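*Asks:* Need coordinates for the following:
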Amino acid sequence: MASDLAASKITPGVLDAIFNDPERRATDFPVPVCQCVQIKPLASQGNGAERYRVVLSDTKNFVQSMLATGANHFIHDQKLKKGSLVRLKQFQANALKGKKILVIMDIDVLEEFGEPEKIGDPQALKMKDEEEDVKPAPGAVSGAGFYGNKPAQQPAAAERSIPTRTGPSSSAAHGNIYPIEALSPYAHKWTIKARVSNKSEIRTWHKQSGEGKLFSVNLLDESGEIKATGFNEQCDQLYDLFQEGSVYYISSPCRVQLAKKQFTNLPNDYELTFDRETQVEKAEDQENVPQVRFNFTNIANLQTVEKDTTIDIIGVLKEVADVNQIVSKSTSKPYDKRELTLVDDSDFSVRLTIWGKTATAFDAQPESIVAFKGAKVSDFGGRSLSLLSSGSMSLDPDIPEAHKLRGWYDTHGRSNTFASHSGMASAGAAGGRQDPVMSIAKVYEDNLGMSESTDYFSTKATIVYIKQENFAYPACLSEGCNKKVTDMGDGTWRCEKCDISHPKPEYRYIMSLNVNDHTGQLWLSCFDDVGRLVMGMSADQLMALKDSDDPAAGRAFEEANCKTMLFKCRAKMDSFQDQQRVRYQVTGASPVNYTNEAQKLAELIKLYNI
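*Replies:* Residues are numbered from 1 along each chain as shown. Take a look at the predicted model:
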């Protein structure tokens, strides 16, 4: 029977060995196999990553387990299911909430055995008598109701003060190392081994109640990442000790609390606050901890990401703008910013803003591969990104995603035309609505834009003419403004809305296109993101060519003609010089995907039974 074959693959008794006799587990059960008998999603805080608890059985015992977020894909891909057999490749036995729990970092799902019913009659794992290292925090959520749990009183353990040490240390001196993924307010005594992936500058504050300072570090191990913050005395004590890229042992007492999502870019529900007795030691072994952990979002998929979400992104650097300075409306302080344009193999582009010293020191060349960790998603201009102060940037990182992008770009990406997310939020209510694709004649026949409401449609058409007069306007450099600025004649440009002057403007497209298809012609108006896509350069660059009487400006308009694109449009009645007319505005554009078009034609042909 299939169930008998599956049962023969399971390793009976391995769970008892993992928790009560790890030496025997290592020699007798080097690659254990268990059955998953329950899966339960756990509620996350804010934008924290999804977490899952599973119950594993070795046919004799069962134990609660927690899946590291790096292994969530086994559930998302529907590989790990109730009944599945799993080979445990990387795991850690720990105590949480007064219960023994297995933290699983990596597994193999033995899909060939399917999802049989529970094998054997496993019992809750009994532990050897030992002093509990865990006590529940006040208000802790009970584990009752989870597989095999019964309400129980947990004995309290006396706290130990551990002096801070700074000398190099080995793993042997620390015994059982906690994975970051397992940290929670319910864990009392623990040590993590983690690499500092990011270190902030020292920030100070001054209030009526007093003043202070703080710094933070992002800590990384194989299971996950967590932010840790030091205030005042801990800032003085630990700031110089922590170095980006180095590995440390960090031991409690150290407060574990719910993460303040507005101040962190990490997908962890918790964060750490250093205590005056927190022990920090630099590790002798600096190699066996990951350098950096990314969870990249494809540029084309940014439209599905909620505003203000923090993401990681990697792309080819297509354009690098000059450093500009803006003045904060709230503090009146000046800030340096630089805009970058990234593209990837989804054939989409996105603008990403970097700030402060990162902006002024940026010296990467176009066509470099750049990875960003901790970029905030904005709906400005459809979709754009801003690197947070807690974020980081890696130039030409030695990771598979970067090598893949380099191969794609060098092979054919360099000559591709890239779409943007311009105006998608307004055009589709940010929900990815599929507007009907119409011929130009159909747009007129259906009287789109003639009613009081706005009509949306898409059309596939070819650009036949672009008005070269007034194709751009001088815009304010302040973040989120883009209002037209006035040349004051003294070398400055003034924005009335922001009530500030800039040394120069940023030119932005405001173009009129005439497009044709096989049924007729249509005048379309478009703005900066679409203009960049059509012209293949920024309005600043094109204006510089025009002002210098460079023939390249005329060639740029000629090359933009005869481009066939899919235009997402809206039609709305407008009043111009006391006359009512329908205005057709482009809210998004993309190159024609000929593979998709061919598939649509093939489906259409099938309908005719040809």
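*Asks:* tell me the domain ranges of the protein?
*Replies:* 2-124, 171-282, 299-412, 424-471+510-601 (automatic domain parsing).
*Asks:* Distance to residue 479 added to those domains, as JSON lines?
*Replies:* To be clear about C-beta, it is placed using only N, CA and C from the backbone, and glycine gets the same treatment. Formatted as JSON lines, the domains of the chain follow (distance: least, C-beta to C-beta, whole Å):
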{"stretch": "domain 2-124", "distance to residue 479": "22"}
{"stretch": "domain 171-282", "distance to residue 479": "18"}
{"stretch": "domain 299-412", "distance to residue 479": "6"}
{"stretch": "domain 424-471+510-601", "distance to residue 479": "15"}
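*Asks:* Make CSV from these and add distance to residue 490 and mean pLDDT to it.
*Replies:* Shown next, in CSV, are the domains of the chain (distance: least, C-beta to C-beta, whole Å; pLDDT from 0 to 100):
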stretch, distance to residue 490, mean pLDDT
domain 2-124, 47, 83
domain 171-282, 36, 85
domain 299-412, 18, 86
domain 424-471+510-601, 19, 84
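*Asks:* Adding mean neighbour count and distance to residue 478, write the ones you listed out as a markdown table.
*Replies:* Output for these, formatted as a markdown table (neighbours: other C-beta atoms under 10 Å; distance: least, C-beta to C-beta, whole Å):
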| stretch | mean neighbour count | distance to residue 478 |
| --- | --- | --- |
| domain 2-124 | 18 | 28 |
| domain 171-282 | 18 | 22 |
| domain 299-412 | 17 | 5 |
| domain 424-471+510-601 | 16 | 15 |
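*Asks:* what's the closest of these to residue 481?
*Replies:* domain 299-412 (8.8 Å; C-beta to C-beta).
*Asks:* Dihedrals phi and psi, residue 79?
*Replies:* For residue 79, the backbone dihedrals (degrees, to the nearest 10) come out as phi -90, psi -40.
*Asks:* now residue 529
*Replies:* Taking degrees, to the nearest 10 as the convention, residue 529 sits at phi -60, psi -40.
*Asks:* go on, residue 305?
*Replies:* Phi and psi for residue 305, reported as degrees, to the nearest 10, are phi -90, psi 130.
*Asks:* mind listing what it touches?
*Replies:* By C-beta atoms under 8 Å, 6 or more residues apart in numbering, the contact list for residue 305 reads 297, 311, 377, 383.
*Asks:* same thing with residue 465?
*Replies:* 513, 514, 561.
*Asks:* Spell out which helix or strand contains it, please.
*Replies:* Here residue 465 is covered by strand 455-466, with elements defined by DSSP states H and E.
*Asks:* How far off centre is that strand?
*Replies:* In this view, strand 455-466 has its centroid 33 Å away from the chain centroid, taken as C-alpha atoms, centre = their mean, to the nearest Å.
*Asks:* Equivalent analysis for stretch 546-565, please.
*Replies:* 36 Å.
*Asks:* what ranges do the strands span in the stretch 51-200 of the chain?
*Replies:* Secondary structure of the stretch 51-200 of the chain (DSSP state E, counting those that start in this stretch): strands located at 51-57, 61-67, 85-96, 99-109, 123-124, 191-199.
*Asks:* so which of the ones you listed gets nearest residue 453?
*Replies:* So among the strands of the stretch 51-200 of the chain, strand 51-57 is nearest, using C-beta to C-beta, at 43.8 Å.
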